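> need a 3D model of the following:
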Amino acid sequence: MTTAARTESRARTTAPAPAPAPAPAPTTTPTGGGSASAPESDLAVLVDGPQKDVVKSGDERLKVTPKPAPGASFTQQIEHRLRETVLSSTKVPGKTSATCPDGVTQKAGAVSRCTVTYEGAEIPYTITISDSYREGSFITSYKARADKGLLVAKAAYQAFYERYGAGSGRSDASKLSCDELPAAKAVDWGTDTGDTCQFWSEYAGDKGDGGYRTVKLSAAQAGYAVPSFDEVQ
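The predicted structure follows:
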């Protein structure tokens, strides 16, 4: 095996750690003044418990096999790692692929573009090689930045349940439901996804005696979990 091949096969992947959970959206208790457009019934999907297809971090189903063969190119290693990064962030096993059409340039400070596909949703990535890289180095450090957020239906339902369901501490919330979300879709960072969920709150309504509260889903901040939740006042 040549020195260059050893360098590539031992390249250290320093893609970002799994995205941290988004900071809790502000929650306020209405004091009256309800809206005539307030929802009056459940949405399409009832969220009445944990989602069975959402698995724990480190689950074998979040790994992509087979791994790149010994001597695989640096680009092949990056593509494999990106697929696992996406699966790790969603915690929902699914069909993935990745491509870096022009390859990943292995030079200090070089920037390359890749795309990861998860269940049909395409997420563009920017790969930046560390400025400390030296040609012929045995280890290559890099950063991988997702240029769009990924909304996964089952992960979103799970996050909504964890936020408002049993054990969440929201004793006023019940009857959780959401729009029927696509299995997966790419979302621009800093935008509303166009989807909503809702819950029954004993403090909502014109007189504060109970009613549905609408919650918008968004991709609030680059690098954070999608979705974040924003209660409509």
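> any weak-confidence spans in the chain?
The chain contains residues with pLDDT under 70 at 1-39.
> so A159: helix, strand or coil?
helix (DSSP: H, G, I helix; E, B strand; the rest coil).
> so it makes contact with A225?
Yes - using Cβ atoms under 8 Å, A159 makes contact with A225 at a distance of 7.2 Å. Backbone N, C-alpha and C define where each C-beta goes, glycine included.
> higher neighbour count, the two?
Remark: of A159 and A225, A159 carries more neighbours, 24 against 21, as counted by other Cβ atoms under 10 Å.
> mind naming the longest helix for the chain?
helix 74-90 (DSSP state H).
> so which elements touch that helix?
If contacts are counted by 3 or more Cβ pairs under 8 Å, 6 or more residues apart in numbering; DSSP states H and E, helix 74-90 sits against helix 3-9, strand 96-99, strand 111-118, strand 121-129, strand 142-146, strand 149-152.
> quick check: angle from it to strand 111-118?
50 degrees (axes from the mean of the first three to the mean of the last three Cα atoms, to 10 degrees).
> pull out the buried residues from helix 74-90.
74-90 (16 or more other Cβ atoms under 10 Å).
> ditto for stretch 159-179
A159, F160, Y161, R163, Y164, G165, A173, K175, L176, S177, C178, D179.
> now the last one: how far from D206?
Taken as Cβ to Cβ, to the nearest Å, the spacing of D179 relative to D206 amounts to 25 Å.
> mind naming the longest strand for this structure?
strand 191-201 (DSSP state E).
> please save the CA atoms from that strand in CSV.
Output in CSV follows, covering the C-alpha atoms of strand 191-201 (Å, rounded to 0.1, in the frame of the first residue of the first chain):
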residue,chain,number,x,y,z
THR,A,191,-37.3,29.3,8.3
ASP,A,192,-40.7,28.0,9.2
THR,A,193,-41.2,24.5,7.7
GLY,A,194,-44.8,25.3,6.9
ASP,A,195,-46.0,22.5,9.2
THR,A,196,-47.9,22.6,12.5
CYS,A,197,-48.7,20.5,15.5
GLN,A,198,-51.1,21.3,18.4
PHE,A,199,-52.1,20.3,21.9
TRP,A,200,-55.0,20.8,24.2
SER,A,201,-54.2,23.2,27.0
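> direction included, what does it pair up with?
strand 173-178 (antiparallel), strand 211-219 (antiparallel) (DSSP bridges).
> okay, now R134: neighbour count?
10.
> how about P227: what's its closest non-neighbour residue?
With Cβ to Cβ, 6 or more residues apart in numbering as the criterion, P227 has its nearest non-adjacent residue at 3.8 Å, and that residue is L217.
> tell me who's in contact with the one you found.
Contact analysis of L217 by Cβ atoms under 8 Å, 6 or more residues apart in numbering lists L151, A156, D192, T193, D195, T196, C197, P227, S228, F229, D230.
> now, which of the residues you listed sits nearest T115?
Nearest to T115, judged by Cβ to Cβ, of these is L151 at 16.8 Å.
> could you pull up the residues touching the closest one?
121, 181-182, 184-187, 193, 195, 217, 219, 226-227.
> filter the residues you listed down to the buried ones.
A121, L181, A184, K185, A186, V187, T193, D195, L217, A219, V226, P227.
> need the max-distance pair from those residues.
A121 and L217 (14.9 Å).
> rewinding a little: so what's the residue nearest to P227 bridging to?
F229.
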